[in-house]
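[1] sequence below, structure please.
(one chain, ligands or ions: 3)
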Amino acid sequence: MVVATPIQIEKIREVDVPVIDLSCKQSKVAKLIVKACEEYGFFKVINHGVPHHIIKNMEDESFQFFDKPLPEKMKLVGSADPFGYGSKNIGLGGDRGELEYLLLQTNQNAIDDTSKFMRCRYAVSSYVDGVRELACELLELMAKGLGVPPSSFSHFLKCFNSDSLLRLNHYPPVTHTSHSSFQRGIIGFGEHSDPQILTLLASNFVPGLQISLGNGVWVPVSPDPLAFCVNIGDVLQAMTNGRFVSVRHRAMANSLPTQSRLSMVFFGAPPPEATIVCPLQLLKQNKPVYRAFTWAEYKSHTYAHRLGEVRLDHFKISDDEKVT
Ligand SMILES: C=C1C[C@]23C[C@@]1(O)CC[C@H]2[C@@]12CC[C@H](O)[C@@](C)(C(=O)O1)[C@H]2[C@@H]3C(=O)O
Ligand SMILES: O=C(O)CCC(=O)C(=O)O
Ligand SMILES: [Fe+2]
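    Ligands and ions are numbered 1, 2, ... in the order given. Alright, predicted model coming up:
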């Protein structure tokens with residue numbers, strides 16, 4: 001018997017995503033962040049303290065890199081495997097997008113090694129230092145709002161061998177001549193959740209990012225070069241026993257005729273050997289939803305699967321396994 005798969009109708013909904021002002025009182029901010037993480041798994045932060053010149057410098061260096069001829073980019077950083085330069089291929093499993101990118105590891109040795117493409121590697125290391133510090137501050141506010149020890153989540157990012165990444169995505173204009181005409185809503189970077197703990201994304205003024213509310217409803221996120229977009233990754237969903245949601249998101253292709261879109265994305269991750277478990281304070285009467293796993297295990301599962309996979313399902317404890 002052939003079973004027809006239901007066609008999902010997509011809807012775009014204009015929703016005001018939470019914007020959190022970090023200059024407000026800490027206890028109030030912590031509550032607002034927890035609410036945003038539970039409702040959306042996503043929020044924007046303003047007055048975040050990362051100096052504007054550091055963000056601008058990273059943006060300028062990124063554009064200069066992407067402006068280089070292809071052979072030069074390849075010669076400088078090599079082809080993404082997964083680190084390095086990639087164009088249109090995302091990951092190693094056949095996913096495609098309307099972008100080119102540079103994926104970098106962020107530990108100091110890796111920065112020294114792979115940021116040869118930058119006139120000054122100082123741009124990368126000061127950007128990474130700034131966003132890592134902000135990510136730790138946000139994770140500590142989340143811990144405060146949840147009533148767990150302050151460093152429950154942030155300590156992973158502070159380890160010398162934290163597996164955090166920096167991804168620079170460049171979306172050149174995709175015009176109707178370069179794509180079949182009348183095709184609406186060309187995808188630039190397909191629907192997915194981020195596997196790590198926390199993602200901080202800065203972009204220029206060109207729109208593209210959308211977050212999912214489920215059931216085919218997508219919310220466009222207006223670009224704001226003064227803000228960071230923050231989203232919960234799979235590991236933080238697991239560490240909060242499913243209380244925070246690892247939001248599914250995507251980027252639409254850039255439809256502006258003359259301007260390029262740039263996103264600079266920091267993925268805060270644990271070290272490979274770290275074990276991912278939920279702090280006891282969050283379990284109380286609730287049974288654990290996910291089994292304990294290491295980041296290395298989660299990563300190898302991630303890389304063996306396609307972009308749009310719901311990876312955490314594989315780590316769920318089934319009802320018969322749950323201890324009563
Ligand atoms: C298709 C893939 C690309 C990806 C690894 C994966 O197998 C599935 C997850 C993808 C993703 C999404 C978020 C980040 O951009 C990324 C670097 C990550 O950690 O997981 C990418 C991976 C990638 O492009 O290498
Ligand atoms: O470029 C964007 O807006 C989204 C990119 C993204 O989701 C990613 O790099 O994981
Ligand atoms: Fe993402």
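[2] what is the neighbour count of the closest residue to Phe153 other than its chain neighbours?
    Counting by CB to CB, 6 or more residues apart in numbering, Leu139 is the residue found nearest to Phe153 once chain neighbours are left out, at 4.1 Å. Where C-beta positions appear, they are placed from N, C-alpha and C, glycine not excepted. For Leu139, the neighbour count with other CB atoms under 10 Å is 24.
[3] list the buried residues for whichever strand or helix holds Leu139?
    Assigned by DSSP states H and E, Leu139 belongs to helix 122-146. The neighbour-count check on helix 122-146 (16 or more other CB atoms under 10 Å) flags 123-128, 130-146 as buried.
[4] and if you look at stretch 303-313?
    By neighbour count on 16+ other CB under 10 Å, the buried set for stretch 303-313 is 307, 309, 311-312.
[5] can you tell me if it touches ligand 2.
    No - Stretch 303-313 does not reach ligand 2 (CB under 6 Å from any ligand atom); its nearest approach is 8.9 Å.
[6] span of that stretch from start to end?
    Distance across stretch 303-313, first residue to last, is 15 Å (CA to CA, to the nearest Å).
[7] what's it in contact with?
    82, 90-95, 190-193, 195, 234, 237-238, 246, 290, 298, 301-302 (CB atoms under 8 Å, 6 or more residues apart in numbering).
[8] if we go to 7 Å?
    Stretch 303-313 has contacts (CB atoms under 7 Å, 6 or more residues apart in numbering) with 90-93, 95, 190-192, 195, 234, 237-238, 246, 290, 301-302.
[9] swap in stretch 11-30?
    Under the criterion CB under 7 Å, 6+ apart, residues 32-33, 36, 40, 42-49, 141, 144-145, 213, 216-221 lie in contact with stretch 11-30.
[10] let's see 8 Å
    Applying CB under 8 Å, 6+ apart, the contact partners of stretch 11-30 are 32-33, 35-36, 39-40, 42-49, 137, 141-142, 144-145, 210-211, 213, 216-221, 227.
[11] within reach of ligand 1, which of these are there?
    Restricting the contacts of stretch 11-30 to those within reach of ligand 1 (CB under 6 Å from any ligand atom) leaves nothing.
[12] among those residues, which are in strands?
    Mapping the contacts of stretch 11-30 onto strands (DSSP state E) picks out 42-46, 210-211, 213, 217-220.
[13] pull the most distant pair out of those residues.
    The largest separation in the ones in strands among the contacts of stretch 11-30, counting by CB to CB, is between Ile46 and Val217 at 25.3 Å.
[14] strands along the stretch 151-300 of the chain, start to end?
    Applying DSSP state E, counting those that start in this stretch to the stretch 151-300 of the chain gives strands spanning 165-171, 187-192, 198-203, 209-214, 217-220, 228-232, 249-252, 261-268, 275-276, 293-294.
[15] redo the ones you listed as TSV? Include mean pLDDT, distance to ligand 2 and mean neighbour count.
    Formatted as TSV, these follow (pLDDT from 0 to 100; distance: least, CB to the nearest ligand atom, whole Å; neighbours: other CB atoms under 10 Å):
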stretch	mean pLDDT	distance to ligand 2	mean neighbour count
strand 165-171	97	4	23
strand 187-192	98	5	18
strand 198-203	98	6	25
strand 209-214	97	4	18
strand 217-220	97	11	18
strand 228-232	98	8	25
strand 249-252	98	4	22
strand 261-268	98	3	24
strand 275-276	98	19	16
strand 293-294	98	21	16
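[16] figure out which of those is closest to Ile9.
    For the strands of the stretch 151-300 of the chain, proximity to Ile9 was assessed by CB to CB; strand 217-220 is nearest, at 9.8 Å.
[17] quick one on the thing from earlier: quick one: which of the buried residues of stretch 303-313 is nearest ligand 1?
    Checking those against ligand 1 by CB to the nearest ligand atom gives Leu307 as the nearest, at 3.9 Å.
[18] that closest one in helix, strand or coil?
    Put simply, Leu307 is coil when judged by DSSP: H, G, I helix; E, B strand; the rest coil.
[19] grab the nearest non-local neighbour of it.
    Distances taken as CB to CB, 6+ apart place Asp95 nearest to Leu307, at 4.2 Å, with adjacent residues excluded.
[20] is the one you found in a bridge, and if so with what?
    Here Asp95 sits in beta bridges with Ile90, as judged by DSSP bridges.
[21] which residues sit against stretch 68-86?
    By CB under 8 Å, 6+ apart, the surrounding residues in contact with stretch 68-86 are 65-66, 87, 89, 91-92, 100-105, 110, 114, 116-117, 303.
[22] surely Phe63 touches Met264?
    No - counting by CB atoms under 8 Å, Met264 is not a contact partner of Phe63; they are 10.8 Å apart.
[23] shared neighbours of those two, anything?
    Contacts common to Phe63 and Met264, judged by CB under 8 Å, 6+ apart, are absent.
[24] what number of residues lie near Glu273?
    For Glu273, the neighbour count with other CB under 10 Å is 10.
[25] now Asp319
    Asp319 has 7 neighbours, counted by other CB under 10 Å.
[26] which residues touch it?
    Going by CB under 8 Å, 6+ apart, Asp319 touches no other residue.
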